[in-house]
Structure formats: structure tokens, C-alpha cells
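[1] Build me a model:
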Amino acid sequence: MSGASAGTFISFAIYLIFMMGIGWHFYNRTKNLSDYVLGGRGLNAWVTSLSAQASDMSGWLLLGLPGYAYLAGLEAAWIAFGLLIGTYLNWRFIAKRLRKYTQIAGNSITLPVFFENRFRDKTGILRILSAFFIIIFFLLYTSSGFVAGAKLFNTVFNIPYIFALSIGVFVIIGYTFLGGFMAVSWTDFFQGMLMFFAIIIIPILGVSALGGFDQTISKINGINPELLNLFTTTTGENLKFIPVLSLVAWGFGYFGQPHILARFMAISSSDKVKKARRIAMGWVTISLSAAVIVGIVGRALLTNSPLVGKAASETVFMVLVNQLTTPLVGGILLAAILAAVMSTADSQLLVTSSAITEDLYRIVLKKTPGDRELVWVSRISVVIVAIIAFFIALNPESSVLELVAYAWAGFGATFGPVIILSLFWIRMTSYGAIAGIFTGGISVLIWKNLTGGIFDLYEIVPGFFISTIAIVIASLLDKKPSKEITDEFKSVKSSGI
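    Numbering: from 1, shown residues only. Predicted structure coming up:
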């Protein structure tokens, strides 16, 4: 190992040991399934906000978005714009009410349990259907994180892809297995701060290396002035409506992401949501803007060794770190990618394991297992899900952005309309929820495999629309909710939880 790689290796090793230490710290504090899955609803505003945003952005923030901006320029800003709007609306309208309602509705610790309690569904269909789609889409989502981690180790240490993939998976399984939700949330808190620092420092160093802001703009204009045009493609054509709508529509996805919504459910008090929202919006606004700039600045700096193709372009952040920093500092900044990967993959593994444990295992057994048994079933589920995602991630040419886009659309369309209407429409029924989950999930799976014309529209748009219509029609055709359900619905607004 060279001196340079040795310095980077030391930074990585210290970081990984720290993450595992957090997992071990919370291992002995996990007494029951609520502790393991939702941390006993004990998160403060800072941990809630940063862990929510870190688990939201994942390796996509440091790989996928800069890679897209590297290839397409400011066109990538449309995604950032959609995500900013979605983030705000999710925190502003969903977070506080979901925190209250999930506790009032039988102290629900997972979304499927909330749906069952909210609509008094005695059939088990809502929980099973919800768990099914959570498992399907999180396998894709988790594998995207594993791909990002493998690309990191492969690029930094020049080790074989499969070996690099195995290292990342082992560490993520380790602390998620041990500490559960609190370990995941606190590691995400530290990882969110590290990601924030890294995504800001690299564009600053890049602009400095190019001679300043004016020289940077001049260099990019010399390469292709369309890279700095928000309304055209890199070939100079005006952006069409469907591509722009597809990019902005990423914002629809927020309302249905179980790993983000779990943070809302876990904050210690609904009164802390406002503070958490302000922290989260500051973090995400700066981070998304910087990520787009990283890609464009990378295009200007790497003219002698351009990155060809989607997979290669997603290494632009790593390449710039190696070029612009010392080995030790570079190791810390590159650890931010690992932080981004871990902060999402761990949350996804935890939500998936909770779906298996709380929403499938209990129903199959048709009894209530003990707390210790449920915690260990969740831990074993983490390992099994991670292994399956590992095999999905074995292709080194996989695009992080494409895998994330598919899973993001799946969750957004499957659960987004159900969450919104279950919180704000008193007339919604269990049949409406079942119809919305089924049509939203199936629409995305089908639309994704169709191409050309209208089918080039991002699958979250038709999926979200179809799910919403299905919920409304099925609910109106069903009998009205009972007085018990409507009284509970009305009590949420006045609750002081």
C-alpha cells in the first residue's frame, strides 16, 4: 500500500470503527421491538432532521446527482428543485400529523401497522400488501447503496468490485444488526454532518483550482455553453415538457418513503417538528446545490481524462477528491460517500426487517411472540435482506441513479397518496388504502418496462395519479368509516403529543 492510500485507509478505518462502536453502544439498550424499530420515539430535533436527510440522500447525493450534472449540466438542477419542494412539503404537512396519528392509532411503530390500525382492517391484507411492496422496492434501493459503496472502495483502493462490495455490506450489516434504530439514527446524524462538509468543500476547491469563479464559468463555456443553460439539453435543444416533469416529479416521492417517514414517527414530540424542519431545509438546500456544482466543475477540471458513460460519471466526486486534496483529508472526504451509502442502506434494511417481523412474521405465527424473539427475528431479517440486495448489486455497471429512481418511484406511488389521504381525508377507508397501494405499486412496475412517447415519463407520475384515483373511487364505493374511526381522526388535530 502506498503512502497516499495508507493515509486514506487510516481515515476509513477510524470512521468504520466509530460506526461499529455506535452500533455496539446501542446493542445493550435495545430491549424490545419498539426500541429496535423506532428507538422508543426518543429522537431530538437535530438527530431527526439530519438522520432523515442523510438517509434520504444516500450515495445518490455524492455519486448519482454529481454524475448526472457532469453529463447534463444545469439540467440536473430540475431534480434538485423538485426534491427541495418535496422535502419542504413533507416536513410541513406530513411530519407533525404522522407523529401524532401513529401514536394515537394504537402506537403504530411501522407504516403497515399504522394503516391497519387507522382503518381498523381485520383481514391482515393491508399489512401483508404493504410489507410486500416495502420488501420489493427496498431490495432495489438497498442494492443501489451497495453499488455506491463498492464503487467507492474500487476507485479509492483499486480492489476488485466484488471484494469492495463485500466490505461495505459487512459493515452496514454489522451496526444495523447490533443497534437497530437508535444506532442507525445516530450514525446517520454524524454521517449527515460529514456529507454536508464534503459536498461543500469540493466545489470550493475545484473553483479555486480553476482560478476563481469567472475563470470557471469561462472554462465551462469553452467546453459547452449549454452546460450552464437550465432550459436546454447539452446539444442546444429546448428541454421538452415530459423530461422536465419527470425530473421535477422526484419531489412526489417524499410522501411515501418509509425510511424518511420513520424519522417523523420517532421524534420525541410533535412540537419539535418545526425546528427539525428548519434544520433539514438548510441542509438539503445547500447540499443539493453543491452536488450539482460538483458535477459541472468536474466537467471543467477533467478535460484531459473525461469520464465516459453513466457509471463512470458517477465517480466524479471521488476523482476530484483524489485530485484536489491530500491523502488524509481525501480519506475523510471520501468517507462521506461511505457515510451517504450507509445512512440510507442501514435505514432501508431496518424498515425492511421491521416489515418482515412486524407485518409478516406475526401474521404467519398468528400469535404474539416475546420481545426478545421479535428483536432477533428483525436482526436475522437484516442479514437475509442484505444478502439478497448484495446479489442484485453484483453488476459493476449498475447505475446508482437508475436504481434509486426506480425504488424512489415505487415508494412514492405505492405509499405517497395513501399517507397523504389517510392523514387528511376522513372519508378514506381500508378498501381505498388497499386499492391505492396495489395500483400505485403495480403501475410503477409495469410503466417502468414500457418505452417510447408518453412512457418516457418518469413512472412516479402515472403511478401517483392512478393510486390517488383508486383510493378516492374505492373509498366512495365503500361504506362510510365508523364513528370510532372518525372520532380518532378528529382527535389528531387537537392532540398535544
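
[2] Please count neighbours and contacts with C-alpha atoms only from this point.
    Will do.

[3] where does this structure have its least confident helix or strand?
    helix 33-38 (a mean of 58; mean pLDDT, DSSP states H and E).

[4] which helices and strands sit right next to the helix or strand following that one?
    Using DSSP states H and E, the next helix or strand after helix 33-38 towards the C-terminus is helix 45-59. Applying 3 or more CA pairs under 8 Å, 6 or more residues apart in numbering; DSSP states H and E, one finds that helix 45-59 contacts helix 125-157, helix 161-209, helix 258-266, helix 273-301, helix 327-356.

[5] most packed of these?
    Per residue and on average, the most neighbours among those fall to helix 327-356, with a mean of 28 (mean count of other CA atoms under 10 Å).

[6] okay, the angle between that one and helix 45-59?
    Angle, helix 327-356 to helix 45-59, by axes from the mean of the first three to the mean of the last three CA atoms, to 10 degrees: 100 degrees.

[7] from the chain's centre, how far out does helix 327-356 sit?
    Relative to the centre of its chain, helix 327-356 is centred 11 Å away, using CA atoms, centre = their mean, to the nearest Å.

[8] who touches N90 in this structure?
    Shown in contact with N90 (CA atoms under 8 Å, 6 or more residues apart in numbering): Y254, F255.

[9] how much space between it and T102?
    N90 sits 16 Å away from T102, taking CA to CA, to the nearest Å as the criterion.

[10] Against which helices or strands is the helix or strand that contains A6 packed?
    Counting by DSSP H and E, the element that carries A6 is helix 3-27. Packing contacts for helix 3-27, counted by 3+ CA pairs under 8 Å, 6+ apart, involve helix 161-209, helix 327-356.

[11] pLDDT of it, averaged?
    Computed over helix 3-27, the mean pLDDT rounds to 70.

[12] so N107, which of the three states?
    Classification of N107 by DSSP: H, G, I helix; E, B strand; the rest coil places it in coil.

[13] Roughly how far does it sit from S130?
    For N107 relative to S130 (CA to CA), the value is 18 Å.

[14] Ok, G256 next?
    Separation of G256 from S130 (CA to CA): 11 Å.

[15] go on, V444?
    Here V444 is placed at a distance of 15 Å from S130 (CA to CA).

[16] now swap in V308 and tell me
    40 Å.

[17] how deep is G370 tucked in, by neighbour count?
    10 (other CA atoms under 10 Å).

[18] same question but for W376, I mixed them up
    That count, for W376 with other CA under 10 Å as the rule, works out to 17.

[19] Centre of the chain to the helix or strand harbouring R379, how far?
    Assessed by DSSP H and E, R379 sits inside helix 371-392. Centre-to-centre, helix 371-392 and its host chain are 19 Å apart (CA atoms, centre = their mean).

[20] so the helix or strand that that helix is followed by versus helix 45-59, what angle?
    On the C-terminal side of helix 371-392, the closest following helix or strand by DSSP H and E is helix 400-424. With the same axes, to 10 degrees defining the directions, helix 400-424 sits at 140 degrees from helix 45-59.

[21] Pull out the buried residues from helix 400-424.
    400-423 (16 or more other CA atoms under 10 Å).

[22] just the angle between it and helix 258-266, please?
    Using the same axes, to 10 degrees: helix 400-424 against helix 258-266 is 40 degrees.

[23] now for helix 400-424, which elements pack on it?
    The contact analysis (3+ CA pairs under 8 Å, 6+ apart) places helix 400-424 against helix 96-104, helix 125-157, helix 430-447, helix 460-477.

[24] Include distance to L350 and mean pLDDT when you put these into TSV, please.
    Shown next, in TSV, are these (distance: least, CA to CA, whole Å; pLDDT from 0 to 100):
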stretch	distance to L350	mean pLDDT
helix 96-104	18	96
helix 125-157	10	83
helix 430-447	21	96
helix 460-477	24	97
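
[25] and F9, which of those is closest to it?
    The minimum distance between F9 and these falls on helix 125-157, with 8.2 Å, by CA to CA.

[26] Tell me how far that closest one lies from the chain's centre.
    Between the centre of helix 125-157 and the centre of its chain there are 10 Å (CA atoms, centre = their mean).

[27] Specify the angle between that helix and helix 161-209 in degrees.
    Per the same axes, to 10 degrees, the angle that helix 125-157 makes with helix 161-209 is 70 degrees.

[28] what is the orientation angle of helix 125-157 with helix 3-27?
    Going by the same axes, to 10 degrees, helix 125-157 makes 150 degrees with helix 3-27.

[29] Helix 125-157 packs against which elements?
    Contact here means 3+ CA pairs under 8 Å, 6+ apart; on that basis helix 125-157 packs against helix 45-59, helix 111-119, helix 161-209, helix 316-324, helix 327-356, helix 371-392, helix 400-424, helix 430-447.

[30] OK, contacts around the residue nearest to G253 when sequence neighbours are not counted?
    Of all residues not flanking G253 in the chain, G412 sits nearest, at 3.8 Å (CA to CA, 6 or more residues apart in numbering). With contacts defined as CA under 8 Å, 6+ apart, G412 is in contact with F252, G253, Y254, F255, G256, Q257, I460, F464.

[31] out of those residues, which are buried?
    Using 16+ other CA under 10 Å as the burial test, those include F252, G253, Y254, F255, G256, Q257, I460, F464 as buried.

[32] with the residues you listed in mind, which one is nearest to T235?
    I460 (26.8 Å).

[33] Test my guess that the closest one contacts F255.
    No - between I460 and F255 there is no contact under CA atoms under 8 Å: 11.7 Å.

[34] Look up how far L71 lies from I426.
    46 Å.

[35] try I85
    When I85 is compared with L71 (using CA to CA), they lie 24 Å apart.

[36] between those two, which one's more packed in?
    When I85 and L71 are compared for neighbours, L71 comes out ahead with 22 against 17, by other CA under 10 Å.

[37] gap between the residue nearest the centre of the chain and G496?
    Nearest to the geometric centre of the chain sits D56, at 3.2 Å (CA atoms, centre = their mean). According to CA to CA, D56 stands 28 Å off from G496.

[38] and what of F317?
    Distance of F317 to G496, computed by CA to CA: 45 Å.

[39] more crowded one of these two?
    Counting neighbours by other CA under 10 Å for F317 and for G496 shows that F317 has the greater number, 29 against 10.

[40] could you list every residue that touches that one?
    Listed by CA under 8 Å, 6+ apart, the contact set of F317 reads L62, L63, P66, I202, V294, G295, G298.

[41] Kindly give the local confidence score, pLDDT, for the second one.
    So that's L63. Confidence at L63, expressed as pLDDT, is 84.

[42] In this structure it contacts L320, no?
    No - using CA under 8 Å, L63 makes no contact with L320, being 11.8 Å away.

[43] okay, the two: which has more neighbours?
    Neighbour count, other CA under 10 Å: between L63 and L320, L63 has more, with 30 against 21.
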